[in-house]
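J.: Sequence first, then the predicted structure, then my questions.
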Amino acid sequence: MSNRIFFNLYTTPPHECGYLPNKLATTLFIEPDIRKNISVYDNLSQRGFRRSGEYIYRPDCHKCDACIAVRIPVQLFAPRRSQRRVWQKNQDLTVSAAAPIFKPEHFNLYRRYIAARHKDGGMDNPTPKNYMQFLTGSWAKTVFYEFRLQKQLLGIGAVDHLKNGLSAVYTFFDPDYSARSLGVYAILWEIEEAKRLHFDWLYLGYWVKDSKNMGYKAEYQPLEGYYKETWQQVKG
């Protein structure tokens, strides 16, 4: 019996690029109504696709290939000196796994983070509904990792578990603790968690070299990017 799944692909009309100014973007979506599961998503992740809510997509822009899906081969990762400092700085935090369900404590932290980091960026004034629709999918194996200083919640890393890797969906944290570089620490912790689970990869979504919000991903080396239908090393 064949395990192949056939589906249609849909492309959006051109819309404003969320990463680069004065650019138009188009997005390729997997047919929304197909039956999705971890195996399907794992295979598509290996081909540069990403999840947002229930949807699986990847950029498909005419005459532009600035958005490159990237992943860290966690067994080969070598932290930089600055990353080692961030790691040491946050050793007083505890991290625990929570179910991907709505909790007011999580949502209030998300609202504060969005207000501080993404005001007027299209994500402001979130509702509980669109917050959960963004981070979770009914078919995805998602974990909300809680980063706490004693009992105080400082951050959440929403992470999908794949067959041989973790996929960082989104990270948000307390803007009052920016000196801790919690976004960096979350990635470093997820790398270590992937190693602990004997996985090979941590998927980081899309790297955009000339975007101040997305260019940071090249700081995690070695890094692989999916370009022209194959994974290649990214130097940044």
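T.: Received it, and whenever you're ready, just let me know what you need. Numbers count the residues shown, from 1 in each chain.
J.: could you point out where the chain is predicted with low confidence?
T.: Confidence mapping of the chain against pLDDT under 70 gives the ranges 1-5, 119-122, 236.
J.: now the strands for it?
T.: Assigned by DSSP state E, the chain shows strands spanning 9-11, 15-16, 24-25, 27-30, 50-52, 55-59, 67-73, 94-98, 142-149, 152-161, 165-173, 201-208, 223-227, 230-234.
J.: want to throw these into JSON lines with distance to residue 187 and mean neighbour count?
T.: Where you see a C-beta, it was placed from the backbone N, CA and C, and this is true even at glycine. Compiled in JSON lines, the strands of the chain are given as follows (distance: least, Cβ to Cβ, whole Å; neighbours: other Cβ atoms under 10 Å):
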{"stretch": "strand 9-11", "distance to residue 187": "30", "mean neighbour count": "12"}
{"stretch": "strand 15-16", "distance to residue 187": "28", "mean neighbour count": "10"}
{"stretch": "strand 24-25", "distance to residue 187": "25", "mean neighbour count": "16"}
{"stretch": "strand 27-30", "distance to residue 187": "24", "mean neighbour count": "18"}
{"stretch": "strand 50-52", "distance to residue 187": "16", "mean neighbour count": "20"}
{"stretch": "strand 55-59", "distance to residue 187": "21", "mean neighbour count": "20"}
{"stretch": "strand 67-73", "distance to residue 187": "8", "mean neighbour count": "23"}
{"stretch": "strand 94-98", "distance to residue 187": "13", "mean neighbour count": "12"}
{"stretch": "strand 142-149", "distance to residue 187": "12", "mean neighbour count": "18"}
{"stretch": "strand 152-161", "distance to residue 187": "8", "mean neighbour count": "21"}
{"stretch": "strand 165-173", "distance to residue 187": "7", "mean neighbour count": "22"}
{"stretch": "strand 201-208", "distance to residue 187": "7", "mean neighbour count": "22"}
{"stretch": "strand 223-227", "distance to residue 187": "11", "mean neighbour count": "19"}
{"stretch": "strand 230-234", "distance to residue 187": "15", "mean neighbour count": "14"}
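J.: how about those strands in JSON lines, adding distance to residue 191?
T.: Listed next are the strands of the chain as JSON lines, based on distance: least, Cβ to Cβ, whole Å:
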{"stretch": "strand 9-11", "distance to residue 191": "32"}
{"stretch": "strand 15-16", "distance to residue 191": "33"}
{"stretch": "strand 24-25", "distance to residue 191": "29"}
{"stretch": "strand 27-30", "distance to residue 191": "28"}
{"stretch": "strand 50-52", "distance to residue 191": "18"}
{"stretch": "strand 55-59", "distance to residue 191": "23"}
{"stretch": "strand 67-73", "distance to residue 191": "6"}
{"stretch": "strand 94-98", "distance to residue 191": "13"}
{"stretch": "strand 142-149", "distance to residue 191": "13"}
{"stretch": "strand 152-161", "distance to residue 191": "11"}
{"stretch": "strand 165-173", "distance to residue 191": "9"}
{"stretch": "strand 201-208", "distance to residue 191": "5"}
{"stretch": "strand 223-227", "distance to residue 191": "12"}
{"stretch": "strand 230-234", "distance to residue 191": "16"}
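J.: Please enumerate residues in contact with stretch 37-56?
T.: Stretch 37-56 is contacted by residues 5, 29-30, 32, 34, 36, 57-58, 68-69, 133-141, 160-165, 167, 169, 203, 205-206, 226, 229 when judged by Cβ atoms under 8 Å, 6 or more residues apart in numbering.
J.: Which one, of the strands of the chain, ends up nearest to residue 217?
T.: Residue 217 sits nearest to strand 201-208 of all those, at 4.4 Å, using Cβ to Cβ.
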